[in-house]
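Sharing a model that was predicted from the sequence below.
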Amino acid sequence: MTSSSLKQQISSAFNSVGHPPLPSALLSQITAVSTSLRLTPNQLAEAWEAHSLTKNVTVLNDVTMGGYRTALAKEAGVVDGKNVTVMSGTGLGKRTAPGSNVTPSPMAKRATTATSATTATPGGDSKGSVNRNGLSAVDNLTSPSGKGAVSPTGKQQQPQPGSATSSSAMVITPPKMPKATLKYTDRTNAGQIVTSYNPHNLPTALEVLSSKSTAEKERIETHVACTISPHPSASHPQGSFRHMFTPLEKRAGALEERLNGMSRTICDTFGIKNEDEEMIESMDGVVKSETSENGGDKISTWTPVGLPKQNKVLCVGRICNEAHEGRLNRASIRLEGSRQHSAGSRIQLDLQGLNSNTTDDQGNVQQNKQSYSFFSGQIVAVEGINSSGRTLQASRLLEGAPPPQETLTASELLDYQYGSKSQNGNPLSIVSMCGPFTTKDNLDYDPLVDAILKISADKPDVVILCGPFVDGRQPLVGGEDGSGGAIVEDENGNDRTVSYEYLFATKISALLEEMYANDPELKTQFVLVPSMDDAFLDAVYPQPPLEGLVEGIPMPKEVAAEFGDLGLNHVELAGRENQKGRDGSSRQRRVHCVSNPCTLQINDVTIGVTSTDVLFHISSDECNANLAPGTRLTRIAQHLIQQRSYYPLFPAAKGASLDLSKSKQWEMPIQPDILIVPSKLASFARTVLDTTIVVNPGELTKNTTGGTYAVVDVHPMKRETLESGMAVDGGMEMGKGVQDRVRVDIKRI
């Protein structure tokens with residue numbers, strides 16, 4: 001059965017029990033559950049009917065899907081990943097204790113009644129399903145070892161001669177067939193576009209290049225059209241530092257400082273005032289406006305968290321999970337205030353008010369259905385009534401405040417986009433790739449080789465490579481004895497263990513060096529972003545840039561890698577040992593090592609990058625409701641900007657370590673034009689908060705086959721627009737409008 005036909009049957013089954021049409025995203029989730037648990041569409045619909053009556057829920061949505069999935073798993077006999085007794089005749093069942101009688105569920109009874117004619121013995125009645133040894137078909141299940149049937153008392157039964165058990169036995173779980181492993185070399189969809197962002201139907205940079213004359217093509221292909229530098233407002237680590245030596249007091253202080261800082265930012269952005277400020281304004285004769293600065297109803301007065309009041313108040317605090325572990329849910333959400341203003345009080349959030357109807361002064365009923373998305377560590381402002389001091393009945397939510405947007409003068413934009421030493425009216429081409437760069441079954445780095453060949457042919461301006469470069473999760477990385485190192489094959493075909501730095505130097509640096517040696521005039525510049533999954537780096541966030549040189553230790557190239565040299569200095573020299581840069585004093589840099597995270601300025605475009613899978617980390621903890629279909633990933637990416645942080649989640653996800661003493665160095669100082677957040681989740685490119693393009697290029701490899709990467713082409717603004725802006729005295733400050741002049745294509749390698 002195809003996936004589309006299964007979806008149609010599931011939709012029809014749910015319609016038959018009176019459920020409204022299912023959204024496509026939710027229907028896909030139910031289809032996946034149906035396939036994994038081997039449940040028919042009718043069984044799914046009947047299970048929802050029973051679940052809705054038991055839990056008093058009416059509609060299946062993102063909020064109720066979790067409970068429904070748990071109920072299906074219990075019914076299907078899969079609890080905590082373990083198989084339990086399965087009812088005869090259906091795919092559903094219940095957990096049974098040794099010595100207890102098996103009572104089929106109503107669904108199992110209906111299925112048994114419907115199939116009684118086929119299970120009866122020839123010439124007998126429906127009791128033919130009971131064997132001569134007194135065991136029913138339910139009891140004729142093989143033991144875990146597969147040696148025989150298991151009786152209700154838990155003892156293994158030997159099959160009787162001539163019984164049904166001697167010829168065949170019902171098995172709890174059918175034998176798993178080995179899946180065909182897809183190989184990277186067997187892929188057939190190389191170069192295919194997975195998804196695109198191109199609202200204005202802009203051509204690619206290659207299409208623009210193809211329309212030029214031959215002489216112009218040669219000039220563009222060899223002209224270094226961009227400058228790369230850390231953004232002036234960024235404060236990311238630029239050198240190695242000691243980590244994890246911060247005492248508890250300083251870590252608590254870092255959390256307190258961030259909470260107070262974001263509280264002030266939110267209050268300033270939305271014009272929120274405390275009682276003292278409002279009293280001063282009233283004494284000065286300032287008339288209170290009935291609307292807030294952002295155009296909505298007037299926002300209530302700021303009040304410390306945990307202070308009981310009978311009228312509406314507004315509290316700013318950090319979202320916490322009462323359970324301290326597990327995923328956040330509506331029942332476990334707590335709002336924690338600062339130590340300075342609220343003595344660290346925590347109160348419960350009652351979110352029902354975000355989905356209820358309200359009545360205004362004229363008696364008109366107004367629908368209040370505000371979407372929300374919460375995760376641990378998020379700093380929000382919540383308006384509502386806290387009459388007891390323990391529970392805040394929320395009626396309005398402010399999920400943070402984005403950082404300021406950067407503007408440039410018309411003269412600066414014209415120089416970047418049309419200057420003869422810059423883009424000269426041509427698009428800025430950026431390629432983004434994220435590791436792993438080799439498949440799990442070898443260390444040949446074939447996907448990276450193909451990517452470098454594609455880069456050599458297309459000649460983009462910038463290539464952003466996000467780690468891991470030497471993936472610590474790779475089965476061949478770790479050494480045979482577990483002492484560390486990567487297992488590679490030498491010239492004689494024997495396995496040997498080498499250092500992680502050696503693998504980087506021989507697989508990454510050597511590949512870049514060969515590319516530049518073959519084409520010394522290649523204009524492409526590389527940006528290397530480390531990852532917490534890199535085996536040769538400290539897995540602590542934030543991460544300093546890669547160190548490519550061994551200072552003060554001159555040694556042959558072949559030997560230097562064994563002593564920690566990454567070989568990046570050879571990339572800078574390849575093919576131009578006797579050349580100088582355009583200024584006659586230094587060469588143009590080819591490789592830029594930056595921190596994780598980092599905020600870059602490439603010409604007039606501000607780009608934010610983090611190689612940590614923060615989208616997946618937040619999605620694993622997030623609790624949401626009332627989101628429009630297909631917007632969940634966009635909302636998660638939006639949190640990074642609204643929280644002004646590249647990693648706003650706290651506590652960090654399992655496997656991620658945060659150095660809170662460096663928390664300021666993963667803050668987002670300015671709203672980026674393009675935000676690159678590689679993730680194992682579905683790749684996408686979308687607009688967030690009107691001006692930022694969020695790009696998830698995906699991973700270059702997926703297990704043993706190829707993955708995806710992103711191509712970003714930023715076109716220049718119209719020259720007439722910039723020249724008219726320059727006519728203003730001193731040059732007019734202008735928004736960059738990157739969202740209207742960018743094209744993003746996510747392709748398969």
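Happy to help now that I have it. Keep in mind that this is a model prediction, so the values were computed, not measured.

residue ranges with poor pLDDT in the chain?
1, 77-181, 282-297, 356-368, 479-483, 548-554, 580-586, 729-731 (pLDDT under 70).

dump the residue contacts of the residue positioned nearest the centre of it.
Centroid-nearest residue in the chain: residue 615, 2.2 Å away (criterion: CA atoms, centre = their mean). Residues near residue 615 by CB atoms under 8 Å, 6 or more residues apart in numbering: 633, 636-637, 677, 679, 681, 696. The way it works is simple: take the backbone N, C-alpha and C, and place the C-beta from them, glycine included.

list the buried ones in the helix or strand harbouring residue 454?
Using DSSP states H and E, residue 454 sits in helix 446-458. Within helix 446-458, the residues that count as buried by 16 or more other CB atoms under 10 Å are 446-448, 451-452, 454-455, 458.

that older thread, quick one: the residue nearest to the centre of the chain and residue 222, what's the gap?
Look at residue 615 and residue 222: by CB to CB, to the nearest Å, they are 37 Å apart.

mind listing what's buried in the lengthiest helix in the chain?
Counting by DSSP state H, the longest helix found in the chain is helix 248-270. Counting neighbours by 16+ other CB under 10 Å, one finds that the buried residues in helix 248-270 are 254-255, 258-260, 262-263, 265-267, 270.

which parts of stretch 213-226 are buried?
Quick answer for stretch 213-226 (16+ other CB under 10 Å): 220-221, 223-226.

who's in contact with it?
Counting by CB under 8 Å, 6+ apart, 209, 212, 422-424, 426, 428, 459, 461-462, 521-523, 525, 582, 588, 602-603 sit against stretch 213-226.

likewise stretch 469-478?
By CB under 8 Å, 6+ apart, stretch 469-478 touches 435-438, 440-443, 484-488, 500, 503-504, 508, 528, 530-531, 533-536, 539.

still on that earlier bit, and the contacts of the helix holding residue 454?
With CB under 8 Å, 6+ apart, helix 446-458 has contacts from 184-185, 190, 206, 429, 431, 433, 437-439, 463, 507-508, 511-512, 515, 518-519, 522, 524, 700-701, 706-707, 709, 749.

Now, these that are in strands?
Using DSSP state E, the members of the contacts of helix 446-458 that fall in strands are 429, 431, 433, 463, 701, 706, 709.

Pull the contacting residues for the last one.
To tie it back to what came earlier, the one meant is residue 709. Per CB under 8 Å, 6+ apart, neighbours of residue 709: 431-434, 451, 697-698, 700, 746-747, 749.

Apply 7 Å and report the result again.
Contacts for residue 709 (CB atoms under 7 Å, 6 or more residues apart in numbering) come out as 431-433, 451, 697, 700, 747, 749.

The residue nearest to it when sequence neighbours are not counted: neighbour count?
Nearest residue to residue 709 in three dimensions, chain neighbours excluded: residue 433, at 4.4 Å (CB to CB, 6 or more residues apart in numbering). Residue 433 has 23 neighbouring residues, counting by other CB atoms under 10 Å.

Just confirm residue 433 contacts residue 462, I think it does.
No. Counting by CB atoms under 7 Å, residue 433 sits too far from residue 462 to count as a contact (11.5 Å).

just to revisit the earlier point, how about the ones in strands among the contacts of helix 446-458, which pair is most distant?
429 and 701 (23.1 Å; CB to CB).

any idea how far residue 245 is from residue 659?
From residue 245 to residue 659 the distance is 9 Å (CB to CB).

Which neighbours do these two have in common?
With CB under 7 Å, 6+ apart, residue 245 and residue 659 have no common neighbours.

what about the two, which has more around it?
residue 659 (22 against 9).

so is residue 743 in a helix, a strand, or just coil?
strand (DSSP: H, G, I helix; E, B strand; the rest coil).

Give me the number of neighbouring residues for residue 687.
15.

Over to it: give its phi and psi.
When read as degrees, to the nearest 10, the backbone of residue 687 gives phi -90, psi 140.

related to what we said a few turns ago, what sits up against the longest helix of the chain?
Outside helix 248-270, the residues touching it (CB under 7 Å, 6+ apart) are 272, 292-294, 299, 302, 316, 318, 338-340, 379, 381, 398, 400-401, 660-661, 663.

give me that answer again for 8 Å
Contacts of helix 248-270 (CB under 8 Å, 6+ apart): 246, 272-273, 292-294, 299, 302, 316-318, 338-341, 379-381, 398, 400-401, 643-644, 650, 660-661, 663.

Next secondary structure element downstream of that helix?
Sequence-wise, the next helix or strand downstream of helix 248-270 (DSSP H and E) is helix 275-283.

for that next one, packing partners?
In terms of contacts (3 or more CB pairs under 8 Å, 6 or more residues apart in numbering; DSSP states H and E), helix 275-283 is not packed against any helix or strand.

Residue 535 touches residue 500, doesn't it?
Yes. Contact criterion CB atoms under 8 Å: residue 535 and residue 500 qualify, at 4.6 Å.

Would you mind listing the residues touching both of the two?
470, 477, 484, 486.

The third one - nearest residue in space that isn't next to it in sequence?
With CB to CB, 6+ apart as the criterion, residue 484 has its nearest non-adjacent residue at 6.7 Å, and that residue is residue 478.

and that neighbour, how many residues sit next to it?
Per other CB under 10 Å, the neighbour tally for residue 478 reads 18.

Same question for residue 511.
Neighbour tally, residue 511, other CB under 10 Å: 17.

residues touching residue 500, list them.
So residue 500 contacts 470, 477, 484-486, 534-536 (CB under 8 Å, 6+ apart).

Tell me if I'm right that residue 65 and residue 26 touch.
Yes. The pair formed by residue 65 and residue 26 meets the contact definition of CB under 8 Å, at 6.6 Å.

list residues touching both of these two?
In contact with both residue 65 and residue 26: no residue, using CB under 8 Å, 6+ apart.

give me every residue that touches the closest residue to residue 326 other than its chain neighbours.
Of all residues not flanking residue 326 in the chain, residue 332 sits nearest, at 7.9 Å (CB to CB, 6+ apart). Contacts for residue 332 (CB under 8 Å, 6+ apart) come out as 321-323, 326.

Could you do residue 239 as well?
544-545.

rerun that using 7 Å as the cut-off
Contacts of residue 239 by CB under 7 Å, 6+ apart are residue 544.

so how far is residue 544 from it?
Taking CB to CB, one finds residue 239 at 6 Å from residue 544.
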